[in-house]
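> Quick one: sequence and predicted model below, then my questions.
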Amino acid sequence: MASPTFMHQEICLAVYEALKRNCPRGLRPALDLSLRVDDRNEPRPDVLVANPARGRRTPLPIEDAVVVAEVVSPTSTIRDQRDKVELYARAGVKAYWLIDPYHDRLVLTEWTLVGDAYQITAKTDGVFTTEVPWPVTLDLPALLRHCNELFGPPEDDAP
């Protein structure tokens with residue numbers, strides 16, 4: 001699997017900062033940590049929020065995660081849009097965010113756990129605002145402008 005691009009990492013950092021802003025006591029955002037779901041599944045989301053009490057342990061138990069966010073890469077599209085939606089819902093993660101940077105805009109889709117399945121509760125390329133699991137705002141157009149200033153406009157074959 002190819003390493004992430006600069007833009008991918010910049011988006012991850014922006015998501016991390018947005019989550020950190022109002023993060024309640026007893027929870028902490030983190031980048032690139034493994035989560036143990038079961039003997040066959042140990043995903044490593046781009047950004048997550050979890051209880052840091054077991055912060056010296058790897059992988060973290062999936063039960064400790066309350067939000068998971070992935071930034072789509074060319075090699076991860078199907079896994080991120082289908083497989084991980086099912087995996088995280090089955091594991092009981094309250095919210096899953098997917099940020100897609102591949103169409104001249106950033107699109108964030110939010111799935112929220114309702115019962116034992118996810119429902120799409122937001123899909124936007126504008127300013128994303130949610131209350132689950134606490135108030136978070138992420139200005140996607142501003143983030144895209146920032147990325148374009150840093151890395152130039154999208155190329156024909158890349159984000």
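Perfect, I can see it now.

> switch to C-alpha atoms for all contacts and neighbour counts from now on
OK.

> What lies in contact with the longest helix that the chain contains?
Counting by DSSP state H, the longest helix found in the chain is helix 6-21. For helix 6-21, the surrounding residues in contact (Cα atoms under 8 Å, 6 or more residues apart in numbering) are 28-31, 46-49, 69, 71, 73, 136-138, 143, 147, 151.

> For residue 92, which residues are in contact?
Per Cα under 8 Å, 6+ apart, neighbours of residue 92: 63, 113, 116.

> Serialize those to JSON lines and add fields for neighbour count and pLDDT.
Converted to JSON lines, the contacts of residue 92 look like this (neighbours: other Cα atoms under 10 Å; pLDDT from 0 to 100):
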{"residue": "63", "neighbour count": "15", "pLDDT": "92"}
{"residue": "113", "neighbour count": "20", "pLDDT": "95"}
{"residue": "116", "neighbour count": "13", "pLDDT": "90"}
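
> Let's see which of those residues end up in strands.
Mapping the contacts of residue 92 onto strands (DSSP state E) picks out residue 113.

> all helices for the chain, in order.
For the chain, applying DSSP H gives helices covering 6-21, 77-78, 84-91, 140-151.
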